[in-house]
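Student: Generate coordinates for the sequence data below:
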Amino acid sequence: MKTIKYFAAAAAIALTSFATFAAEPISSQQADSLTATGVVSAGHATTLSSLEKKLAAKADAQGASSYRIISAGGNNMLSGTAVIYK
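Tutor: Next up is the predicted model:
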């Protein structure tokens with residue numbers, strides 16, 4: 001149940017645009033028209049927003065133009081995974 005709650009929160013955060021990163025979060029509908037180029041993961045985050053920032057930074061470091069968070073969870077420390085698109 002906690003995983004579902006964290007995933008829903010991560011999805012909501014993923015739909016929010018952060019201008020500080022070159023890689024932009026996209027929805028699953030937007031991802032349907034793109035080709036995935038890889039996966040990034042991040043951990044040791046204390047909040048969902050810090051996890052999203054870590055995933056965005058890793059996507060940007062890989063040269064991605066966009067990313068979609070596909071998983072997020074944890075108890076005290078959060079970890080997550082995102083698909084990247086170029």
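Student: Identify all residues paired with the most centrally placed residue in the chain through a beta bridge.
Tutor: Centroid check for the chain by CA atoms, centre = their mean gives Ile69 as the closest residue, at 3.3 Å. Beta-bridge partners for Ile69, by DSSP bridges, are Ala82.
Student: Could you check the pLDDT of it?
Tutor: Ile69 is assigned a predicted lDDT (pLDDT) of 97.
Student: same deal with Ala22?
Tutor: So Ala22 comes in at 78 (pLDDT).
Student: Just confirm it contacts Asp60, I think it does.
Tutor: Yes - shown here, Ala22 and Asp60 form a contact pair, counting by CB atoms under 8 Å, at 4.9 Å. Bear in mind the C-beta positions are built from the backbone N, C-alpha and C, glycine included.
Student: tally of neighbours for the residue nearest to Ile26 when sequence neighbours are not counted?
Tutor: Leaving aside its sequence neighbours, Ile26 sits nearest to Ser66 (CB to CB, 6 or more residues apart in numbering; 4.6 Å). Residues near Ser66, counting by other CB atoms under 10 Å, number 19.
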